[in-house]
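Student: need a 3D model of the following:
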Amino acid sequence: MSYTLDPELRRGLAARIRYYNEMGIYDFYRRPLSDRAGEIAAATLVDEAEIAVSANQPESGEEMSPRKATAVAMPVAIQGGEDIFDLIALKPEQSVSDPGKALKIIRKDLGDCTRCVLHKQGRKQIVFGVGNPKAELMFVGEGPGADEDAQGEPFVGRAGQLLNNMIKAMGIEREQVYIANIVKCRPPGNRTPEREECATCSPFLMRQIAVIKPKVVVALGAVAAKTLLAMSASMAQLRGRFYDFRPAGVRSNDPDWDGCKLAVTYHPAFLLRDPRQKGEAWKDLQMVMKELGMKGPKINS
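Tutor: As a prediction, this is how the structure comes out:
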């Protein structure tokens with residue numbers, strides 16, 4: 001059954017959800033409406049959302065993590081068959097059809113980011129991402145290292161050289177894929193990004209994925225895998241299979257793209273420390289190649 005939502009209430013609801021997004025709350029679930037009026041349901045939603053947020057504020061006064069936030073009930077209040085969830089989930093880049101331009105909008109929105117502590121811990125510049133904005137294959141690592149921080153491009157150091165070789169072994173070039181990281185600023189001393197840092201930065205990565213619309217995302221290492229999949233498990237448990245993946249908190253403007261496959265393999269930096277696992281990583285990439293219909297490099301006889 002379709003309901004007509006008052007335009008003023010509609011705008012207020014959208015503003016409320018954007019406010020929650022800024023607080024780090026991105027996940028909502030939709031509760032089907034009964035036969036009661038859509039406007040009453042939408043007003044109830046706002047009340048429920050306020051209760052959900054206030055109930056999850058830590059008593060200690062520490063900043064609330066997006067991962068700690070309770071999902072807010074989202075009723076299906078529609079006008080002309082349009083789901084209000086689709087309206088409030090829109091991002092500025094979704095009005096642009098060209099993925100290259102859309103990525104520039106996301107980068108502009110990111111700005112000279114000061115959203116987490118990494119901006120004041122020695123970073124030289126933000127490392128946004130690089131590659132083909134229409135790539136079928138996307139690699140996601142952990143975070144920039146010293147070389148990446150200096151050059152402003154992901155995977156350009158020793159680990160990047162190994163990743164380049166891995167990509168060539170698949171029969172393609174680096175320029176054909178897209179490469180990014182969970183966090184876009186170098187953690188001091190190349191330490192592992194902290195959970196709050198990942199939670200703060202990953203929404204921009206999710207937006208990148210949504211505009212690139214890859215067929216397969218390869219998570220390089222445990223940090224990337226656990227952040228993208230929102231689950232905690234060992235690499236042995238995560239590898240060797242595909243996951244149905246849809247970037248959290250954002251929707252693609254392409255109705256034909258409803259997500260992609262996600263595979264997990266070892267981070268190239270780990271493979272440099274333990275070359276014995278290169279064979280296992282190659283098995284993961286072969287699985288990806290099969291999914292994409294890739295035959296590997298041509299060998300001249």
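
Student: buried sites along stretch 90-110?
Tutor: Neighbour-count burial for stretch 90-110 flags Lys91, Glu93, Gln94, Pro99, Ala102, Leu103, Ile105, Ile106, Arg107, Leu110 (criterion: 16 or more other C-beta atoms under 10 Å). Yep, even glycine has a C-beta here, placed from its N, CA and C like the rest.

Student: in helices, which of these appear?
Tutor: Pro99, Ala102, Leu103, Ile105, Ile106, Arg107, Leu110 (DSSP state H).

Student: tell me the contacts of the second one?
Tutor: In this structure, Ala102 makes contact with Glu93, Gln94, Val96, Pro133, Val211, judged by C-beta atoms under 8 Å, 6 or more residues apart in numbering.

Student: poorly predicted segments of the stretch 51-200 of the chain, please.
Tutor: The stretch 51-200 of the chain contains residues with pLDDT under 70 at 51-89.

Student: could I get the full set of helices for it?
Tutor: Applying DSSP state H, counting those that start in this stretch to the stretch 51-200 of the chain gives helices spanning 84-88, 99-110, 146-151, 158-169, 195-212.

Student: that older thread, what's the closest of the buried residues of stretch 90-110 to Asp149?
Tutor: Proximity of the buried residues of stretch 90-110 to Asp149 was ranked by C-beta to C-beta; the top entry is Leu110 with 15.7 Å.

Student: for the closest one, which non-adjacent residue is spatially closest?
Tutor: Spatially, and ignoring its direct neighbours in sequence, Leu110 is nearest to Phe204 (5.5 Å; C-beta to C-beta, 6 or more residues apart in numbering).

Student: which residues sit against stretch 187-194?
Tutor: Leu118, Gln121, Gly122, Glu142, Gly143, Gly145, Ala146, Ile182, Val183, Glu197, Cys201, Val223.

Student: now these in CSV, with neighbour count and distance to Glu280?
Tutor: Below are those laid out as CSV (neighbours: other C-beta atoms under 10 Å; distance: C-beta to C-beta, whole Å):
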residue, neighbour count, distance to Glu280
Leu118, 24, 31
Gln121, 14, 33
Gly122, 12, 34
Glu142, 26, 18
Gly143, 25, 23
Gly145, 22, 23
Ala146, 12, 27
Ile182, 24, 22
Val183, 28, 25
Glu197, 21, 28
Cys201, 23, 28
Val223, 22, 18
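
Student: any chance of these in TSV, plus distance to Pro297?
Tutor: Formatted as TSV, those follow (distance: C-beta to C-beta, whole Å):
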residue	distance to Pro297
Leu118	38
Gln121	41
Gly122	40
Glu142	27
Gly143	30
Gly145	28
Ala146	31
Ile182	29
Val183	32
Glu197	37
Cys201	34
Val223	30
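
Student: settle this for me: Ala281 is touching Tyr266, isn't it.
Tutor: Yes: Ala281 lies in contact with Tyr266 (C-beta atoms under 8 Å); the separation is 4.8 Å.

Student: how many residues are close by the residue nearest to Leu110?
Tutor: 21 (other C-beta atoms under 10 Å).

Student: contacts only, for it.
Tutor: Each residue near Phe204 by C-beta under 8 Å, 6+ apart is listed here: Ile106, Asp109, Leu110, Lys184.

Student: same check on Leu110?
Tutor: Residues in contact with Leu110 (C-beta under 8 Å, 6+ apart) are Ile126, Phe128, Lys184, Phe204.

Student: could the contacts of Phe204 be laid out in a markdown table, adding distance to Asp244?
Tutor: Shown next, in a markdown table, are the contacts of Phe204 (distance: C-beta to C-beta, whole Å):
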| residue | distance to Asp244 |
| --- | --- |
| Ile106 | 24 |
| Asp109 | 27 |
| Leu110 | 27 |
| Lys184 | 26 |
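
Student: farthest-apart pair in these, please.
Tutor: So, those by C-beta to C-beta: farthest apart are Asp109 and Lys184, at 12.4 Å.

Student: surely Ala219 is in a strand?
Tutor: Yes: counting by DSSP: H, G, I helix; E, B strand; the rest coil, Ala219 is part of a strand.

Student: read off the pLDDT value for the closest residue to it other than its chain neighbours.
Tutor: Closest residue to Ala219 apart from its sequence neighbours, by C-beta to C-beta, 6+ apart: Ala225 at 4.0 Å. Ala225 carries a pLDDT value of 98.
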